[in-house]
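Chemist: Next comes the sequence, and after it the predicted model I'd like to discuss.
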Amino acid sequence: MSEKSIGPEDLKNPQEEIGEEIDQELLELCEGDQELAKKVQETRRKYKREWWKSENSDEIVWGQLNEPVLIVALEKFHEAAKKVFGEPICTDELGLNAERLKAEFKEKTQGKYSESFLNKIIEMIPKEKRVVIESSGKNKEN
């Protein structure tokens, strides 16, 4: 009976083959929280283009304001927001006032981009993976 030699394919992580391994950068971004890192990874997969890696502050801010899951490093999002809005901004405001900030973003960039550019990032999400959240601003009790 001959021994089977072990090749590189035998040393692969089975998760790696299906893309489930979380890279170190993402794990650091999530401060070691593997569940959060998986959620961020799954969310990032919705997009055709990795806009969160962009150096364009407008793209980072508009993309993250339209994504409920924080997939950009908070420091990068915060710095980009300060550039876009031209003033100091609290990190709390980035998550709590997304709708107001979207409106302000449109005002600040009026004439700079067409409406189609602003929707370009949203369009990067395949239609079958989009979720629409309607908010009336009122709390509803069931």
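Modeler: Looks like it came in fine.

Chemist: shaky segments in this protein?
Modeler: 1-20, 111, 113-122, 124, 129-142 (pLDDT under 70).

Chemist: What ranges does it have for its helices?
Modeler: Assigned by DSSP state H, the helices in the chain fall at 14-17, 24-29, 34-44, 57-65, 74-85, 91-96, 98-108, 115-123.

Chemist: Out of the ones you listed, the one nearest Trp51 is which?
Modeler: helix 57-65 (4.5 Å; Cβ to Cβ). C-beta: built from backbone N, CA, C; applies to glycine.

Chemist: Output the closest one in PDB, but only the C-alpha positions, please.
Modeler: What follows is helix 57-65 as a C-alpha-only set of coordinates in PDB (Å, rounded to 0.1, in the frame of the first residue of the first chain):
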ATOM      1  CA  SER A  57     -14.100  61.700   1.000                       C
ATOM      2  CA  ASP A  58     -17.400  62.300  -0.800                       C
ATOM      3  CA  GLU A  59     -17.600  58.700  -1.900                       C
ATOM      4  CA  ILE A  60     -16.800  57.400   1.600                       C
ATOM      5  CA  VAL A  61     -19.300  59.600   3.400                       C
ATOM      6  CA  TRP A  62     -22.200  59.100   0.900                       C
ATOM      7  CA  GLY A  63     -21.600  55.300   0.800                       C
ATOM      8  CA  GLN A  64     -21.500  54.900   4.600                       C
ATOM      9  CA  LEU A  65     -24.400  57.200   5.200                       C
END
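
Chemist: who does it touch, helix- and strand-wise?
Modeler: Here helix 57-65 is seen to pack against helix 74-85, helix 98-108, helix 115-123 when contacts are counted using 3 or more Cβ pairs under 8 Å, 6 or more residues apart in numbering; DSSP states H and E.

Chemist: how about these in JSON lines, adding mean neighbour count and distance to Glu35?
Modeler: Formatted as JSON lines, the helices and strands packed on helix 57-65 follow (neighbours: other Cβ atoms under 10 Å; distance: least, Cβ to Cβ, whole Å):
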{"stretch": "helix 74-85", "mean neighbour count": "17", "distance to Glu35": "18"}
{"stretch": "helix 98-108", "mean neighbour count": "14", "distance to Glu35": "23"}
{"stretch": "helix 115-123", "mean neighbour count": "13", "distance to Glu35": "26"}
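
Chemist: Okay then, goodbye and thanks.
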